[in-house]
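Student: Sharing a sequence plus its predicted fold:
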Amino acid sequence: MTPYTAHTTEPVAGCAREEGTMSEQKPVQAQQTKAQGRGNGSRGPGYDDELYRIRHSAAHVMAQAVLEMFPEAKIAIGPPIEHGFYYDFDLPRPLTPEDLERIEARMREIIRGNHPFVRREVTPEEARELFKNQPYKLELIEDILSRGTDEYGNPLPEGERPVLTVYQHDTFVDLCRGPHVEHTGQIPVDAFKLLNVAGAYWRGDERRPMLQRIYGTAWKTAKDLRRYLNWLEEVKKRDHRRLGKDLDLFSIQPQLGAGLVLWHPKGGFIRHQMETFAREEHLKHGYQFVYTPHIGRSWLWETSGHLEFYKENMYAPMDIDGQEYYIKPMNCPFHILIYKSRVRSYRELPLRFAEWGTVYRYERTGVLHGLMRVRGFTQDDAHIFCRPDQMPEEIDRVLQFCLHILRSFGFSEFEAYLSTKPEKAVGSEEMWRDAEAALEAALQRAGIPYEIDEGGGAFYGPKIDLKLKDALGRSWQCSTIQFDFNLPERFDMTYVGEDGREHRPYMIHRALLGSMERFFGIMIEHYAGAFPVWLMPVQVRVIPITDRHNAYAQQLVQRLQAADVRAEADLSDERMNAKIRRAQLEKIPYMLIVGDKEVENGTVSLRTRTGERENNIPLEAVVERVQRVVAEKALI
RNA sequence: GCCGACGUAGCUCAACAGGCAGAGCGUCCGCCUUGUAAGCGGAUGGUUGUCGGUUCGAGUCCGACCGUCGGCUCCA
């Protein structure tokens, strides 16, 4: 697949006590401001790249076209972004798709005019005069002058003093730092396209006016543009909401409620396989499974601090016998109660409590998105309680385990973010230092690339967020390993040490897949619905050519099932071609086609979902192959 | 939550400018007995998301609600 970098969100903040264990998010177009602020080159062309200049210039040309169409338009900002550019406008009416076509057509004319981009430094007075009818620009000017930020609100590079510059091409002048191409003719006229219009708050602030944002994409060559548009098509084809329906995996129905997922038998089967495997591995790695209820008294949430810090994500309490109960947004308080159910000795640590815990969180309607962002979901959650001397090894083990699980599900590329102590934090300096050191050491040993988000940790502890890359090159945050210096205090958790005195244990939250719903969504898109054979509900479909081969087909199914291969025969009244087509659409890995020849020889003809063919082979060869592929967790 | 678009049969979509709601696929019933991605015929299928309003008449116009989509914001 085309290796475009992901549409990536910022690392998920998750929630308080359990930062990121939720890892609910959806990919959105990366925000240039943030990307620049981080100096993260992977999100798009760097500041001075040719692509950057093309896209930036295209944004200016678009603004000119829009201003010609709406002379009274107010223009905001128009930066280059990961795959293109956008520009925000305050317009007298909503834009239509036809408007976009007109704007695009006009852009081509402007481009063909070969108008030079001219940079000019201006005095504050000049700038204010020049943009006197552009309130957004005036605001930016004052910001640049007073706060030393660029036009996107980012701090200026070190050593740079606020200088106001404008760029002009043809009739359009914009407050802009540049750089641009030399003249509009250098914007490849056949390598850009306006994509869509969307609402966007002025300066990203929901209290400020809603502007209209036009997104465009721009490349160096028409071929690159086509490649990108094809990639978008591929993204669309793999959309888990589409495939979820086509493959009958799950549904989300208004009659049930938004953001609440129904797992259909096929989706349920795959999830069951995934969970069964993961549970086995957890047991092998020293985890103990616990089960906890879905609701708990307000005491629990008061003690944990959720009612203080997380209330807006929690559903209203229900009254039970005059007591307030809340449906759980997190599992941790329950696991802590299990820990606290009796005195703990240093000898029994570390304790690793795992639970596929279903939690419910209020999400605003506008953010719900298929399986990726829902209101009820199941985390592959665990909490590790250990002594300080055990902590570094625990961290190392949990990271290794995490990578092992993710690799088992077919992901091989990861990147990690280590978030360290913010200004306001609980816990001693020493605890933070030790924890951060352990996290970083584990990352280095694991040999995965990581970035340090200095001061980006939650107030209660440092963490590692792990992102995986899918087949389309998009990255998704799933796993999180998160220290918590806060909850052990709040719940007064202790263990009796060697010295006979009470000590505070370390507490580590971790989720590997994050949410089963979301991870399943990622799997669907990663595999385009053609899951590895070990996960497929039906691994082999036997296709008799005519109904006189049905008995033989059924016999084959029995032999396959006896060998633990999930097989079924298509005995429908269709002709073979239609049966193959149906199996193909269902993405069933192996089709066994049997007619007179096969019956006579006691063989089968194999067709894989990838189109591979092997005629007249013994059934045993197929069984062997399926068993091998299942054992290897391979694709086909 | 905010901006915009949208909601018609199980699915994908059509219905000029307010005038009898339609097609393909699916499903069901027949026929066909077939060699690597759709055989043929027939039947079935709808209170046009819900509620209210305008009109002689509403899928179509207006309002509210529910939900979906593209973004924004949010995801201490």
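Tutor: Yep, it's here. As the structure is a prediction and not an experimental result, all values here were calculated from the model.
Student: residue in the stretch 101-250 of chain A nearest to RNA strand B?
Tutor: A:Gly199 (2.6 Å; Cβ to the nearest atom of the strand). C-beta here means a position set from N, CA and C on the backbone, and glycine is covered the same way.
Student: How about the stretch 301-450 of chain A?
Tutor: A:Gly366 (1.9 Å).
Student: Can you give me the neighbour number for that residue?
Tutor: A:Gly366 has 6 neighbours, counted by other Cβ atoms under 10 Å.
Student: Tell me if I am right that it is in a helix.
Tutor: Yes: counting by DSSP: H, G, I helix; E, B strand; the rest coil, A:Gly366 falls inside a helix.
Student: Now do the end-to-end distance for stretch A:72-91.
Tutor: 8 Å (Cα to Cα, to the nearest Å).
Student: buried ones in it?
Tutor: A:73-91 (16 or more other Cβ atoms under 10 Å).
Student: One more: stretch A:362-371?
Tutor: Here stretch A:362-371 shows A:Glu363, A:Leu368, A:His369, A:Gly370, A:Leu371 as buried, counting by 16+ other Cβ under 10 Å.
Student: again with stretch A:466-479
Tutor: Here stretch A:466-479 shows A:Leu466, A:Lys467, A:Leu468, A:Lys469, A:Asp470, A:Leu472, A:Arg474, A:Ser475, A:Trp476, A:Gln477, A:Cys478, A:Ser479 as buried, counting by 16+ other Cβ under 10 Å.
Student: returning to that earlier point: from the buried residues of stretch A:362-371, list the ones also adjacent to RNA strand B.
Tutor: By Cβ under 7 Å from any atom of the strand, the members of the buried residues of stretch A:362-371 lying near RNA strand B are A:Glu363, A:Leu368, A:His369, A:Gly370.
Student: And those residues, which is closest to A:Arg238?
Tutor: A:Gly370 (11.9 Å; Cβ to Cβ).
Student: in terms of contact, does that closest one touch A:Leu243 like I think?
Tutor: No: at 10.2 Å, A:Gly370 does not count as touching A:Leu243 under the criterion of Cβ atoms under 8 Å.
Student: Now the common contact residues for these two.
Tutor: Counting by Cβ atoms under 8 Å, 6 or more residues apart in numbering, A:Gly370 and A:Leu243 have no common neighbour.
Student: Name the SS class of the residue lying farthest from the centre of chain A, please.
Tutor: The outermost residue of chain A relative to its centre, with distances by Cα atoms, centre = their mean, is A:Glu600 at 52.3 Å. At A:Glu600 the chain is in helix, as set by three-state DSSP.
Student: and what of A:Glu125?
Tutor: A:Glu125 - assigned by three-state DSSP - is helix.
Student: So which residues on the stretch 301-450 of chain A come close to RNA strand B?
Tutor: A:305, A:308-310, A:313, A:363-370, A:373.
Student: scratch that, the stretch 451-600 of chain A
Tutor: A:458-460, A:545-548, A:573-578, A:580-581, A:584-585, A:591, A:593-598.
Student: so what's the closest residue to the residue of the stretch 101-250 of chain A closest to RNA strand B other than its chain neighbours up against?
Tutor: Using Cβ to Cβ, 6 or more residues apart in numbering and skipping the chain neighbours, the partner closest in space to A:Gly199 is A:Met210 (5.0 Å). Residues near A:Met210 by Cβ under 8 Å, 6+ apart: A:Gly199, A:Ala200, A:Tyr201, A:Trp202.
Student: ok but the second one is inside a strand, no?
Tutor: In this case it means A:Ala200. Yes: applying three-state DSSP, one finds A:Ala200 inside a strand.
Student: Roughly how far does it sit from A:Ile448?
Tutor: Between A:Ala200 and A:Ile448 the computed distance is 34 Å (Cβ to Cβ, to the nearest Å).
Student: now do the first one
Tutor: In this structure, A:Gly199 and A:Ile448 are separated by 37 Å, where distance is defined by Cβ to Cβ.
Student: Next: the third one.
Tutor: Going from A:Tyr201 to A:Ile448 by Cβ to Cβ gives 36 Å.
Student: Leaving out sequence neighbours, find the closest residue to the residue most central in space within chain A.
Tutor: Closest to where the C-alpha atoms of chain A average out (Cα atoms, centre = their mean) is A:Trp476, at 3.2 Å. What sits nearest to A:Trp476 in space, not counting adjacent residues and going by Cβ to Cβ, 6+ apart, is A:Ile522, at 5.2 Å.
Student: same check, this time on A:Asn615
Tutor: A:Ser605 (4.4 Å).
Student: can I assume A:Thr217 is in contact with A:Pro188?
Tutor: No: applying Cβ under 8 Å, one finds A:Thr217 not in contact with A:Pro188, separated by 11.7 Å.
Student: And the two? Which one has more around it.
Tutor: Neighbour totals were compared for A:Thr217 and A:Pro188, and A:Thr217 leads with 22 against 18 (other Cβ under 10 Å).
Student: you'd agree that one is in a strand?
Tutor: Yes: the assignment for A:Thr217 by three-state DSSP puts it in a strand.
Student: distance of it from A:Lys223?
Tutor: 14 Å.
Student: where in the stretch 1-150 of chain A is pLDDT low?
Tutor: The stretch 1-150 of chain A contains residues with pLDDT under 70 at A:1-48, A:148-150.
Student: all helices in it, in order from the N-terminus.
Tutor: Using DSSP state H, counting those that start in this stretch, the helices of the stretch 1-150 of chain A run over residues A:32-38, A:50-69, A:97-112, A:124-130, A:135-147.
Student: that older thread, would you enumerate the residues in contact with the residue farthest from the centre of chain A?
Tutor: Taking Cβ under 8 Å, 6+ apart as the definition, A:Glu600 has no contacts.
Student: and whatever residue of the stretch 451-600 of chain A ends up closest to RNA strand B, backbone torsions?
Tutor: Nearest residue of the stretch 451-600 of chain A to RNA strand B (Cβ to the nearest atom of the strand) works out as A:Gly595 at 2.6 Å. Main-chain torsions, A:Gly595, degrees, to the nearest 10: phi -130, psi -160.
Student: which residues does it contact?
Tutor: Counting by Cβ under 8 Å, 6+ apart, A:Gly595 has contacts A:Pro544, A:Ile545, A:Thr546, A:His549, A:Met576, A:Ser605.
Student: Give me the pLDDT for it.
Tutor: pLDDT, A:Gly595: 96.
Student: quick one on the thing from earlier: just the ones in strands from the buried residues of stretch A:72-91, please.
Tutor: A:Lys74, A:Ile75, A:Pro80, A:Ile81, A:Gly84, A:Phe85, A:Tyr86, A:Tyr87, A:Asp88, A:Phe89, A:Asp90 (DSSP state E).
Student: Next, give me the two most distant ones among those residues.
Tutor: A:Lys74 and A:Gly84 (22.2 Å).
Student: I'd like to know which of the buried residues of stretch A:466-479 is nearest to A:Val623.
Tutor: Closest to A:Val623, out of all of the buried residues of stretch A:466-479 and judged by Cβ to Cβ, is A:Asp470, at 31.5 Å.
Student: Near RNA strand B, which residues of the stretch 101-250 of chain A? Just list them.
Tutor: Close to RNA strand B, as judged by Cβ under 7 Å from any atom of the strand, the stretch 101-250 of chain A has residues A:196-201, A:204-206, A:210, A:212-213, A:241, A:245.
Student: just the residues you listed: which has the poorest pLDDT?
Tutor: Within these, lowest confidence goes to A:Glu206 (86).
Student: What about it, how many residues nearby?
Tutor: If we define neighbours as other Cβ under 10 Å, then A:Glu206 has 7 of them.
Student: Give me the secondary structure label for it.
Tutor: coil.
Student: Identify the residue nearest A:Phe531 in space, chain neighbours excluded?
Tutor: A:Ile270 (6.3 Å).
Student: My error: substitute A:Ile141 in the last question.
Tutor: Nearest one to A:Ile141, counting by Cβ to Cβ, 6+ apart, is A:Ala127 at 5.0 Å.
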